[in-house]
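Student: The following comprises the amino acid sequence and a computationally predicted model.
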Amino acid sequence: MARFGTTADYSRIRHWIEERGGHPARIKDARDSETVCVDFSSAPMDEISWDEFFQGFDGNRLAFLHRSKAQDDAARLGRIVHRRKHH
């Protein structure tokens, strides 16, 4: 059974994404505001630097949900989610 973890640790996020051939990118949402994302395509979106990525990541209080132990590296089971509020 797959295990998932959530992290906001820059080095873990960058390593996970780069290990699977991804890079940081920026997209516009339905309200025409920009947000960060991860792009795994061969025709890149609006690619940005890691510094820009993590600035948007923290500015929007995001976290990275990922598969902790992939059974095969082809599965890119990771997504950007909103951080939970701590009480």
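Tutor: Sure, I can see it.
Student: In this structure, what residue spans correspond to helices?
Tutor: 10-19, 50-59 (DSSP state H).
Student: Same list, these, but as JSON lines with distance to Ala25, mean pLDDT and mean neighbour count please.
Tutor: (Each C-beta comes from the backbone N, C-alpha and C, glycine too.) Below are the helices of the chain laid out as JSON lines (distance: least, C-beta to C-beta, whole Å; pLDDT from 0 to 100; neighbours: other C-beta atoms under 10 Å):
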{"stretch": "helix 10-19", "distance to Ala25": "10", "mean pLDDT": "91", "mean neighbour count": "15"}
{"stretch": "helix 50-59", "distance to Ala25": "8", "mean pLDDT": "91", "mean neighbour count": "16"}
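Student: Now these in JSON lines, please, with extra columns for distance to Arg84.
Tutor: Shown next, in JSON lines, are the helices of the chain (distance: least, C-beta to C-beta, whole Å):
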{"stretch": "helix 10-19", "distance to Arg84": "17"}
{"stretch": "helix 50-59", "distance to Arg84": "15"}
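Student: So for stretch 25-32, mean pLDDT?
Tutor: For stretch 25-32, the mean pLDDT works out to 78.
Student: buried set for that stretch?
Tutor: Ala25, Arg26 (16 or more other C-beta atoms under 10 Å).
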